[in-house]
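Q: Pasted the sequence and its predicted model underneath.
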Amino acid sequence: MDSSALAEFDHRLLEALQHDGRAPFSRLARRFDVSERTLARRYQRLRGLGLRIVGHPNPVRLGLVRWLLRLHCTPDAASTIAEALARRPDTSWVTLASGGTEITCAVNTRSADERNALLLQKLPRTPKVLSVSAHCMLRIFMGTTSTWHATRFRTPESAAVDSGTPDAPPLSLDATDRALFAELARDGRATLPELGKATGRSPSSVQRHLERLRAEGALSFGVDFDPQLLGYHMTTQLWLKVSPAHLRTVGESLAAHRSTAFAAAVTGTSNLVASGVFRTPVELYDYIDRSIGPLPGIQSIETSPTLREVKRLAPALP
């Protein structure tokens, strides 16, 4: 099943949800000039196809350090190791690439001790891991959680949220905030009474917490929908080596492109990493040739097609 099997209405509904994942059905129904019952039925159909709305924290805004791990493993062990990484609560997405021998994993860490426990103790002692490289994310230009963020429907507002506010001090969370993050990670459209029950707060108190978290840029909502159902059959990570003088320009240019799901400046030899979603290999070639190639300061590009997304849009909670 691909994008041709989805009606134009479904595409428009996905677009609206990408703009505001918690938009009430009543508002969406008025926007599309349909009944709430019709809209709810189409939403449930999309959910049956795998649609999830997920509330996720902005790591930068909450003072977390975000790492991108790149592991090379023996072919017989890569899938098992990827599954183990996916079960960790501090990972937000895990992918298999390069013939099934390469794992890429995003991790949030609160402290140096957490970082060192994983990078210096756990992974080096894991059998059949041949190499590990850890890249600290210095500046996230696009995407904070997922390899794919319904990029076909990305809006300027959602792009601004994804980019975060790196100069702002970390926002302090209380017990209610943390409980809200946990519930919204399961269902970003959970009702206020449902969230109130989970947190032990009144719906009005929950509403105030939600408004604060969103206004402070600590909470946003992502649309998780299989890109293949929209006709995108090729997800690829790109590792770029960019001259320092052009790093910001290239990062911002990639973030503005509709095919880019994620882009960040990172430590390491490849100082910019991006993830793109494409329909075909030809579309990937055109993206490199016409969109990336002309940008100044790019010294090299390495492409790594994703074979399987083991974990996608699963927020690593603060």
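A: It's in. Residues are numbered from 1 along each chain as shown.
Q: what mean pLDDT does stretch 222-238 have?
A: For stretch 222-238, mean pLDDT rounds to 87.
Q: Check which residues of it are buried.
A: 222-225, 227, 229-232, 234-238 (16 or more other CB atoms under 10 Å). (Glycine included, C-beta is placed from N, CA and C.)
Q: Residue ranges in the stretch 101-250 of the chain under the pLDDT threshold?
A: 144-167 (pLDDT under 70).
Q: what about the residue of the chain most remote from its centre, distance to Arg41?
A: The centre of the chain is farthest from one residue, Ser35, which by CA atoms, centre = their mean lies 31.9 Å away. Separation of Ser35 from Arg41 (CB to CB, to the nearest Å): 9 Å.
Q: what's in contact with stretch 271-283?
A: 68, 135, 143, 147-148, 151, 227, 231-242, 244, 247, 250-251, 254, 257, 259-266, 284, 287, 306 (CB atoms under 8 Å, 6 or more residues apart in numbering).
Q: All the helices of the stretch 51-200 of the chain, in order from the start?
A: Secondary structure of the stretch 51-200 of the chain (DSSP state H, counting those that start in this stretch): helices at 78-87, 112-116, 156-163, 175-186, 192-199.
Q: In TSV, list the ones you listed along with distance to Ser131 and mean neighbour count.
A: Listed next are the helices of the stretch 51-200 of the chain as TSV, based on distance: least, CB to CB, whole Å; neighbours: other CB atoms under 10 Å:
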stretch	distance to Ser131	mean neighbour count
helix 78-87	12	18
helix 112-116	18	12
helix 156-163	30	17
helix 175-186	31	18
helix 192-199	42	16
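Q: Identify whichever of these lies nearest to Glu8.
A: helix 156-163 (21.0 Å; CB to CB).
Q: picking up where we left off before, quick check, the residue farthest from the centre of the chain in contact with Phe25.
A: No: look at Ser35 against Phe25 with CB atoms under 8 Å: they stay out of range, at 9.7 Å.
Q: Overlap in contacts, the two.
A: Counting by CB under 8 Å, 6+ apart, nothing touches both Ser35 and Phe25.
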